[in-house]
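> take a look and give me a structure for this.
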Amino acid sequence: MQDKRVRVDYLARLEGEGGLDIVVSGGQITELRLNIFEPPRFFEGFLTGRSFKDVPDFVSRICGICPVAHQMTSIYALEAALGVKITTEIRDLRKLFALSQYIQSHSLHAYMLAAPDFLGYPSVIELAGDHLAVAGRALKLKRLGNDLTALIGGREVHPVAAVVGGFTRAPSHAELKDVRARLEDARADGVETVKLLASIKVPEFNRPPVEFAALRQDDQFAINEGRVVSDKGLDMAAADYKKCIKQTQVPHSNAYHYSVVGRESFMVGPLARLNLNFDKLLPSAKEAATSAGLQFPYQNPFMSMAARGVELVHSIDECILIIDRLLKTLPRRAAPLLVDVKPRAGVGAHFTEAPRGVLYHSYTLNGKGLVEAADVVTPTAHNLKRMEDDLWAFVPQVIDKPQEEATLLCEMVVRNYDPCISCATHFLRLNIVRRD
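Numbering: from 1, shown residues only. Next up, the predicted model:
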């Protein structure tokens, strides 16, 4: 077999810039480097010396697709440091806020980023030409998620209403009833999404069993609160993060690799959540999955797309349940929803489940409530080593395929993790150099 070199100059749709370099000799991979050469973004540095009140606005700028997750994680971590106790209404409104992000993010990824690859289209534009109703469903769901985010947060991107201690404005009854009606209407679209995604044939990928990690709560499907558990015995609170998770610098990447102490890489995200928490889904989501022939858990990472569809159904119905509770307790007119917050010295850490997986924030505050240290680890960072390990396992299956096909398949491996994305049409530019 000829020696081959696979070089991917740039990886789009990641946190910054990266590339992929693979060398195959004698039919074996001798080198594989997922190179993340993004420059430092200095978000933790920006926060040093600033009031805790400024943090949620700053960290929402880390990502334009999941600003809600960064806001919620930072707020909970800061409240842990400050000793803040919130009300049931605030907790409910925060979960509604987080679920709005699931609706918009999952519909974006499943329909517009992943489905075209699996269905043989270069983009969602071409897909819409043949399947206009499907594209219309995608836009309807995306708009619903965006509008719900704006209702609670004040705007769709980088919301402003969520603060330490609650919300500067909670929606009125009329606003909640209006979006509730739209959620009821969207339930059928969610179920159809599961049917569609479950029907798509995904590539075979018989990788060795991996460790899945996700938040878990005893009484509900965990998103904003809980402990991180895994199918290999991991069980940690946010305060124990640095005792349980190992951070490693690798020569070929400016981004760290993360692994469980004493073990290897792990996978976070929708597939991990459903593999570990299927029993906590609402009945409608379980029924949608079962009716579509889905049987979690799965090892094949390409099943992440179907997992997003199931979570979409769950998110829509849980939003309805939360709104029903809020309509019984919130004032009829829009008003602030806040508890008292006083500065103090402290350390606080927190996990949430962003649409892409476990997100970690930690802050150290001084007596004036100013940030002395901050640490943010995103789902993409948690998954980076797992992505590289998946490529080690997957590339031997595709190395002999034509360049265009190999490019798409390698692209799909990484896209399944839904890394923080740009609007690039393709994930990889692949160049295969053959040598004697």
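> where does the stretch 301-436 of the chain dip in pLDDT?
Along the stretch 301-436 of the chain, the model assigns pLDDT under 70 to residues 420-436.
> can you map out the strands along it?
Along the stretch 301-436 of the chain, the segments classed as strands by DSSP state E, counting those that start in this stretch run 335-338, 346-354, 357-365, 371-377, 428-435.
> out of the ones you listed, nearest to residue 239?
Nearest to residue 239 among those is strand 346-354 (5.5 Å), distances taken as Cβ to Cβ. Backbone N, C-alpha and C define where each C-beta goes, glycine included.
> distance of the residue nearest the centre of the chain relative to residue 313?
Nearest to the mean C-alpha position of the chain, counting by Cα atoms, centre = their mean, stands residue 356 at 1.4 Å. When distances are taken as Cβ to Cβ, to the nearest Å, residue 356 and residue 313 turn out to be 19 Å apart.
> equivalent analysis for residue 92, please.
20 Å.
> tell me which of these two has more neighbours.
For residue 92 and residue 313, the more surrounded residue by other Cβ atoms under 10 Å is residue 313, and the numbers stand at 27 against 17.
> what's near enough to touch the more buried one?
Shown here is residue 313, whose contacts under the criterion Cβ atoms under 8 Å, 6 or more residues apart in numbering are 187, 190-191, 193-194, 282, 284-285, 288.
> at 7 Å what do you get?
Taking Cβ atoms under 7 Å, 6 or more residues apart in numbering as the definition of contact, the neighbours of residue 313 are 190-191, 194, 284-285, 288.
> out of these, which two sit at the greatest distance?
194 and 284, at 10.2 Å, using Cβ to Cβ across these.
> those two - which one has more neighbours?
residue 194 (26 against 18).
> now do the helices in the stretch 1-150 of the chain.
Read by DSSP state H, counting those that start in this stretch, the stretch 1-150 of the chain holds these helices, from start to end of the chain: 43-47, 55-59, 67-82, 88-107, 115-119, 124-130, 132-153.
> for the last one, buried residues please.
Applying a neighbour-count criterion of 16 or more other Cβ atoms under 10 Å, one finds 134-135, 137-138, 141-149, 151-153 buried in helix 132-153.
> tell me the one among those nearest to residue 296.
Sorting those by how near they are to residue 296, with Cβ to Cβ, puts residue 141 at the top with 21.9 Å.
> run a quick neighbour tally on residue 280.
Close neighbours of residue 280, defined as other Cβ under 10 Å, add up to 18.
> wait, doesn't it sit right on residue 218?
No - here residue 280 lies out of contact with residue 218, judged by Cβ atoms under 7 Å, at a distance of 8.7 Å.
> could you list the low-confidence segments of the stretch 1-150 of the chain?
Judged by pLDDT under 70, the stretch 1-150 of the chain has its weakly predicted residues at 1-19, 27, 35-42.
> before we move on, what about the stretch 151-300 of the chain?
Flagging of the stretch 151-300 of the chain using pLDDT under 70 yields the residue ranges 253-254.
> apply 90 and report the result again.
In the predicted model, the stretch 151-300 of the chain carries pLDDT under 90 at residues 157, 206-208, 249-257.
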